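Chemist: Predicted model and sequence below, questions to follow.
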Amino acid sequence: MERLEPTPDPVRHMTAARPASAPSLPLFRGRIGCDASSGYYASVRRYRLHLSLSCPHCLRIALTHSLLGLDDVLPVELLPAVPDRPDGGYSALRPLYEASSHRYPGAAVAPVLSDDWTGRIVSTHTPHILRDLARHFGGAGADGPALYPHGAEAEIDAVGRLCAYGINEAAQRAGQAGADATARRTALGSLLRTLDSLESRLASQDCVLGDEITIGDVQLWVALVQLDTVHRWHLDADAVHRIAGHPHLWAYARRLAAHPAFGPRLDLHGIARRHHADCRGLEAAGAAVQILDWAVHTPERAERVTGAEREAPRVLPVLEPDDMGVPRALS
């Protein structure tokens, strides 16, 4: 099988194609400032996060919240895996949306950062929420992690774009029902080139931007979770085997899954329910070929398997390079 040549480093040269039309901007984009003069400023238990762990945007925020240790500072209200309204929104969030925008016409969706003092929404925009959590709620003390280090903004933003277009969108197009074979092959090639570049980067460092965890790792890890738990269902088995053929990348994903801030936030049951509730695509042979056994790192373990998963998927033996550079199977 012909191997695709890797593209340049994706963090410094983000070459993944963007969609033809960008989605409309979120209505709520308030920011947390540094002091009272900014209106919204960091204050203990003033704000609240409304999250559904089955949603990748919400999962990124939940991981960041956990890494920063904000349980006693910023409460989290967990929402069901599948929205309960026909428009794809949550009934529980409707009062917040109505209080923030009279007769709000859209769906009351998560994630939401709300202000308990005013009863209104601060932001629904994930990139801003991530940055404000890292900059104004965590990382200020000597012991706090620098998840959004100064000077790394451009690289973190590049990782976010890479995950959105080079992984998520490319994987969706590669498994799109009704698309012609050439379009699917092109999309798969784009996805594999992105993974090749990340594989090369993670061969020489522990995290995507160096040796310390940043928001970039949160973004990439969630993209890999989605790739293996959602997009894989619509790819053929050969494509999944080619995706799995990146030992450094998947060893990195497994290592982060074992981190106490990552694995315990992974709701596999909820992700499966949301996927099968929303998905209109066709199931392919890749559904039976799981890359990682994510369940070993989650509180639910293997007993929380949905009825939609009719057969337990076969887990591929992910390889990890040994000291001599020879791949060996992870135990």
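Modeler: Received it, and whenever you're ready, just let me know what you need.

Chemist: just so I have it, where are all the strands in the chain?
Modeler: For the chain, the strands defined by DSSP state E cover 47-51, 76-78, 112-115, 120-123, 289-290, 314-315, 319-321, 327-329.

Chemist: which one of these has the lowest average pLDDT?
Modeler: Note on the strands of the chain: lowest mean pLDDT is at strand 327-329, with a mean of 40.

Chemist: Which helix runs longest in the protein?
Modeler: For the chain, the helix with the greatest residue count under DSSP state H is helix 181-202.

Chemist: okay, now residue 129: neighbour count?
Modeler: Residue 129: 27 surrounding residues under other Cβ atoms under 10 Å. Quick note: C-beta positions are derived from backbone N, CA and C, even for glycine.

Chemist: can you start the count at 58 instead of 1 from here on
Modeler: Okay, using 58 as the starting number, the last item reads as residue 186.

Chemist: isn't it right next to residue 118, touching?
Modeler: Yes: between residue 186 and residue 118 there is a contact under Cβ atoms under 8 Å: 5.6 Å.

Chemist: Check the contact lists of those two and give me the overlap.
Modeler: 106, 168 (Cβ atoms under 8 Å, 6 or more residues apart in numbering).

Chemist: quick one: pLDDT of residue 332?
Modeler: 89.

Chemist: Name the nearest residue to it, ignoring sequence neighbours.
Modeler: residue 287 (5.1 Å; Cβ to Cβ, 6 or more residues apart in numbering).

Chemist: Let's see the distance spanning stretch 122-133 from one end to the other.
Modeler: Stretch 122-133 stretches 9 Å from its first residue to its last (Cα to Cα, to the nearest Å).

Chemist: So residue 156 sits against residue 171, correct?
Modeler: No: using Cβ under 8 Å, residue 156 makes no contact with residue 171, being 9.3 Å away.

Chemist: Quick check on the two: which one has the bigger neighbour count.
Modeler: Using other Cβ under 10 Å, the more surrounded residue of residue 156 and residue 171 is residue 171, with 24 against 14.

Chemist: Could you pull out the helices in the stretch 158-307 of the chain for me?
Modeler: 183-189, 210-218, 227-231, 238-259, 272-286, 294-301, 304-314 (DSSP state H, counting those that start in this stretch).

Chemist: Those into a markdown table, with extra columns for mean pLDDT and distance to residue 146?
Modeler: Shown next, in a markdown table, are those (pLDDT from 0 to 100; distance: least, Cβ to Cβ, whole Å):
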| stretch | mean pLDDT | distance to residue 146 |
| --- | --- | --- |
| helix 183-189 | 95 | 17 |
| helix 210-218 | 96 | 25 |
| helix 227-231 | 95 | 22 |
| helix 238-259 | 96 | 30 |
| helix 272-286 | 97 | 21 |
| helix 294-301 | 94 | 33 |
| helix 304-314 | 97 | 30 |
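
Chemist: With distance to residue 110 added, can I get these in TSV?
Modeler: Formatted as TSV, the helices of the stretch 158-307 of the chain follow (distance: least, Cβ to Cβ, whole Å):
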stretch	distance to residue 110
helix 183-189	14
helix 210-218	19
helix 227-231	20
helix 238-259	24
helix 272-286	11
helix 294-301	24
helix 304-314	14
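
Chemist: winner for burial among those?
Modeler: helix 272-286 (a mean of 24; mean count of other Cβ atoms under 10 Å).

Chemist: list the contacts for residue 303?
Modeler: 252-253, 255-256.

Chemist: what about it, distance to residue 151?
Modeler: 43 Å (Cβ to Cβ, to the nearest Å).

Chemist: just residue 318 next, same as before
Modeler: From residue 318 to residue 151 the distance is 31 Å (Cβ to Cβ).

Chemist: if you count what's nearby, which of those two comes out ahead?
Modeler: More crowded of residue 318 and residue 151, by other Cβ under 10 Å: residue 318, with 18 against 14.

Chemist: check contacts around that one.
Modeler: Residue 318 makes contact with 120, 123-124, according to Cβ under 8 Å, 6+ apart.

Chemist: if we go to 6 Å?
Modeler: 123-124 (Cβ atoms under 6 Å, 6 or more residues apart in numbering).
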